[in-house]
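K.L.:
Here is my input; please provide its structure:
(one chain, ligands or ions: 2)
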Amino acid sequence: MSDQPMRVAVLGGGSFGTALASIAADNGAEVRQWMRDPELAAQINRDHRNGRYLPDYAINAAVVASIEMPEVLEGAELVLVAIPSKAFREVVRQARPYLHDEQILVSTTKGIQEEGFKLMSQILEEETGFEHIGVISGPNLAAEVADKQLTATVIASDDPQTRTLVQTALGCDYFRVYASNDRYGVELGGSLKNIYAIAAGMAAALGMGENTRSMLMTRALAEMSRFAVDQGANPMTFLGLAGVGDLIVTCSSALSRNYRVGQALGEGKTLEQAVEALGQVAEGVNTVRLVRDKAHEDSVYMPLAEGLYQVLFKGVPARDMARLLMLGEQSSDVEFVLPRKDVQQDRREGGERHG
Ligand SMILES: NC(=O)C1=CN([C@@H]2O[C@H](COP(=O)(O)OP(=O)(O)OC[C@H]3O[C@@H](n4cnc5c(N)ncnc54)[C@H](O)[C@@H]3O)[C@@H](O)[C@H]2O)C=CC1
Ligand SMILES: O=C(CO)COP(=O)(O)O
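P.N.:
Ligands and ions are numbered 1, 2, ... in the order given. I've put the predicted structure just below:
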């Protein structure tokens, strides 16, 4: 192994990109972080703070911020892309002339592209054709990571070199990096859970209790798994940090932006007001629409995604929707044990006996 420090590039000046840049620097890497705002870059270099996205936390002073893509990418062995899904492809295209195929490219973004229902690592693949591609996902609220709260994440890639390099670059005494070879499942889990975080925030604002939150999270997992199976993904991956782990944290914490959008909606704000008040990206808003449409297209039963879609985009009051969902067709708890269609059949036969 070379005794030169590893070179890491982070694309994105938001909260998660900043938190990851700081970890890599804590681990001794030479870290450059690209962002489009020159004032923010100057502030990070001068004060070692990201006043816009993570004002309360010190960033490792070795992180060098820049608005110059070539300077940031030069010599980087690992490139972390922490850009919201809407701008992800555009930024990868901007970076493309300065990337080369020995580099390891990793998305940290939990969102879906509307055209073709693409996940972000698929965009990395399409735009570069490289083989060292991965995804980081898990219960990783950026502010807690920046505060060095003990945290675990997953690096998912079918390429062992990618998994090992990311574990080396980011694993430390406050950030533990587990490996997965199911890139699609890990990435899908991270994107889907944002939907249910909005619902959980809404339920909390409406004064619903812990039983409700627990029901919501567990039924969310059932719904996510149903969707995963339909998409050809492995639902077992959702038992890990990037599935149930991330679902728990984002459905429980007002540090989650998706949860906060839900809270604002539950307090009676419109979607526009809720998103504007947040001032940051809540990927779940767009994901609800995309997943609901995909579920319709593929005939996947996703009552929570459908209900949330009706509340967000069709003006159905959240409390009315909750009541409607409670009165929906009686169903199976764990569908891998008792299939839903068997319960429907039992009920039809029971109905005939009692009818
Ligand atoms: N914040 C968190 O706790 C976590 C976020 N993530 C994911 O990471 C992704 C990035 O999130 P954050 O860093 O939190 O975002 P953020 O909302 O804090 O900041 C987004 C960053 O992207 C930049 N950006 C937006 N459009 C751009 C464009 N066209 N060109 C260049 N830069 C652009 C913004 O200027 C900003 O620096 C999201 O998809 C999110 O799901 C993942 C885990 C934790
Ligand atoms: O994904 C996250 C934590 O794991 C962050 O969630 P938000 O995007 O809702 O803030």
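
K.L.:
C-alpha from now on. contacts and neighbour counts both.
P.N.:
Fine.

K.L.:
Who are the contact partners of Q94?
P.N.:
With contact set as C-alpha atoms under 8 Å, 6 or more residues apart in numbering, Q94 has these partners: M69.

K.L.:
tell me which element it is part of?
P.N.:
With secondary structure defined by DSSP states H and E, Q94 is part of helix 85-95.

K.L.:
now do R260
P.N.:
Short version: R260 belongs to helix 257-266, going by DSSP H and E.

K.L.:
In PDB, list the C-alpha atoms belonging to the next helix-or-strand element following that helix.
P.N.:
Helices and strands here follow DSSP H and E; after helix 257-266, the next one along the chain is helix 271-278. Only the C-alpha atoms of helix 271-278 are listed here, as PDB (Å, rounded to 0.1, in the frame of the first residue of the first chain):
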ATOM      1  CA  LEU A 271     -47.000  21.500   0.100                       C
ATOM      2  CA  GLU A 272     -45.500  24.700  -1.400                       C
ATOM      3  CA  GLN A 273     -45.300  26.300   2.000                       C
ATOM      4  CA  ALA A 274     -43.900  23.200   3.600                       C
ATOM      5  CA  VAL A 275     -41.200  22.800   0.900                       C
ATOM      6  CA  GLU A 276     -40.300  26.500   1.000                       C
ATOM      7  CA  ALA A 277     -40.000  26.700   4.700                       C
ATOM      8  CA  LEU A 278     -37.600  23.800   4.600                       C
END
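
K.L.:
Just the buried residues of helix 271-278, please?
P.N.:
The neighbour-count criterion (16 or more other C-alpha atoms under 10 Å) identifies L271, A274, V275 as the buried residues of helix 271-278.

K.L.:
CSV please, covering those and showing distance to D159 and pLDDT.
P.N.:
Converted to CSV, the buried residues of helix 271-278 look like this (distance: C-alpha to C-alpha, whole Å; pLDDT from 0 to 100):
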residue, distance to D159, pLDDT
L271, 40, 94
A274, 40, 95
V275, 37, 94
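
K.L.:
Next, format those residues as TSV and append distance to A142.
P.N.:
Formatted as TSV, the entries for these read as follows, by distance: C-alpha to C-alpha, whole Å:
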residue	distance to A142
L271	24
A274	20
V275	19
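
K.L.:
among those residues, which are within reach of ligand 2?
P.N.:
The overlap between the buried residues of helix 271-278 and the neighbours of ligand 2 (C-alpha under 6 Å from any ligand atom) is empty.

K.L.:
tell me which of those residues is nearest to N181?
P.N.:
The shortest distance between N181 and any of those, using C-alpha to C-alpha, involves V275 and amounts to 34.6 Å.

K.L.:
ok, the residue found closest to the closest one once you drop the neighbours it is linked to in the chain - contacts?
P.N.:
Sequence neighbours aside, V261 is the residue nearest to V275 in space, at 6.4 Å (criterion: C-alpha to C-alpha, 6 or more residues apart in numbering). For V261, the set of contacting residues under the criterion of C-alpha under 8 Å, 6+ apart consists of I198, G201, M202, L271, A274, V275, L278, A282.

K.L.:
Find me the pLDDT at the third one, would you?
P.N.:
Among the per-residue scores, M202 shows a pLDDT of 97.

K.L.:
Surely it is within a helix?
P.N.:
Yes - checked against DSSP: H, G, I helix; E, B strand; the rest coil, M202 lies within a helix.

K.L.:
Going forward, the N-terminal residue is numbered 3.
P.N.:
Sounds good: first residue 3 from here, last item M204.

K.L.:
show me the contacts for it.
P.N.:
The neighbourhood of M204, defined by C-alpha under 8 Å, 6+ apart, consists of Y261, V263, G264, Q265, A266, L267, G268, E269, A320.

K.L.:
Put the buried members of those residues into a ChimeraX selection.
P.N.:
Typed into ChimeraX, the next command selects the buried ones out of the contacts of M204 (criterion: 16+ other C-alpha under 10 Å):
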select :261,263,264,265,266,267,268,269,320
